[in-house]
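**Student:** Provide a 3D model corresponding to the input given below.
(one chain, ligands or ions: 2)
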Amino acid sequence: MTLLLDDITLTYPDGDGRLTALDRVGLRVPAGGLTAVVGPSGSGKSSLLAVAATLVTPDSGRVVIDGTEATALTRTESAELRRRAIGIVFQQPNLLPSLTALEQLQVMAHLEGRKPREVRDRARELLDAVDLSAQSHRRPHQLSGGQRQRVNIARALINEPRVLLVDEPTSALDHERGAAVLDLLRNLTQERRTATVLVTHDRDHLTVADEVQEMRDGAIVAIDAPAVSSPCGD
Ligand SMILES: Nc1ncnc2c1ncn2[C@@H]1O[C@H](COP(=O)(O)OP(=O)(O)OP(=O)(O)O)[C@@H](O)[C@H]1O
Ligand SMILES: [Mg+2]
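**Tutor:** Ligands and ions are numbered 1, 2, ... in the order given. Model (predicted):
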């Protein structure tokens, strides 16, 4: 299993007590698999991604990424694991205003021992994969919202991550552009064999997912459970 979250509990300080943001959550995503996480605002979706991204250490439970137990690493080691193995796509692209699309990818590249030319070729190949070859020289203000989000996705893939974590990538886009971004994620997940987790509010788009998990109050609840057939067979 490329991404494994095992019995994760995460609490935040809340007044005199603690707020349970994640309540014994488990998640398993294989290479090439796309799991969608849905649920109401405040149910813990972004917290789940932050734990999977090793940005937040849970109170208990294990995060295993490509065979490495991330929850057992030091901060420095987990930063290294994150850089090498995890691609993160936040809701807001956070592109650097002064850089072209191609440069956004190049500055994120940490491909040890690679020559600048190889990094540039890889950045070009990824921009092509998200259908932005013709826009590679443009700066963020010269791109549409959907194009910026596609640069954001290409940038998350520059270090060939095993795990791709995506938080609400379509919330700033209209339906059609949102659908195109999700189709792209589906294809990239299969082609590049990432274990992908997609947080979304938009249930219309769930057909791209191999598996859908629904969160309520920090816990994963069963959805689309098959109807239990009655032993009497009526
Ligand atoms: N840094 C923090 N400190 C304290 N509480 C937090 C923090 N981050 C999130 N929370 C709380 O944890 C709970 C889960 O938040 P989270 O951001 O994971 O929800 P979400 O499902 O992503 O919501 P949304 O759909 O609105 O983005 C919420 O009750 C939230 O208020
Ligand atoms: Mg959120």
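**Student:** Quick one: name the residues of this protein near ligand 1.
**Tutor:** Counting by CB under 6 Å from any ligand atom, the positions of the chain adjacent to ligand 1 are 12, 19, 21, 39, 41-47. (Glycine included, C-beta is placed from N, CA and C.)
**Student:** beta partners of the most centrally placed residue in the chain?
**Tutor:** The residue lying closest to the centre of the chain (CA atoms, centre = their mean) is Leu165, at 1.1 Å. Judged by DSSP bridges, the bridge partners of Leu165 are Ile88, Val197.
**Student:** Could you verify my assumption that it touches Ala52?
**Tutor:** Yes: using CB atoms under 8 Å, Leu165 is in contact with Ala52, at 5.7 Å.
**Student:** Are there residues contacting both of these two? Which ones?
**Tutor:** Counting by CB atoms under 8 Å, 6 or more residues apart in numbering, the residues touching both Leu165 and Ala52 are 86, 197.
**Student:** and Gly26, how many residues sit next to it?
**Tutor:** Gly26 has 13 neighbours, counted by other CB atoms under 10 Å.
**Student:** Next, work out how far apart it and Pro97 are.
**Tutor:** 40 Å (CB to CB, to the nearest Å).
**Student:** Strands of this structure, residue ranges please.
**Tutor:** Under the criterion DSSP state E, the chain contains strands at 3-14, 17-29, 34-38, 60-65, 68-69, 86-89, 163-167, 195-199, 211-216, 219-221.
**Student:** tell me the most buried of these?
**Tutor:** strand 195-199 (a mean of 27; mean count of other CB atoms under 10 Å).
**Student:** okay, the angle between that strand and strand 60-65?
**Tutor:** On the basis of axes from the mean of the first three to the mean of the last three CA atoms, to 10 degrees, strand 195-199 is oriented at 120 degrees to strand 60-65.
**Student:** what comes up buried for the biggest helix by length in the chain?
**Tutor:** Counting by DSSP state H, the longest helix found in the chain is helix 175-192. Buried residues in helix 175-192, counted by 16 or more other CB atoms under 10 Å: 177-182, 184-186, 188-189, 192.
**Student:** Quick check: which helices or strands does that helix pack against?
**Tutor:** Packed against helix 175-192, as judged by 3 or more CB pairs under 8 Å, 6 or more residues apart in numbering; DSSP states H and E, are the following elements: strand 34-38, helix 145-156, strand 163-167, strand 195-199.
**Student:** Redo the ones you listed as CSV? Include mean pLDDT.
**Tutor:** Shown next, in CSV, are the helices and strands packed on helix 175-192 (pLDDT from 0 to 100):
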stretch, mean pLDDT
strand 34-38, 96
helix 145-156, 94
strand 163-167, 97
strand 195-199, 97
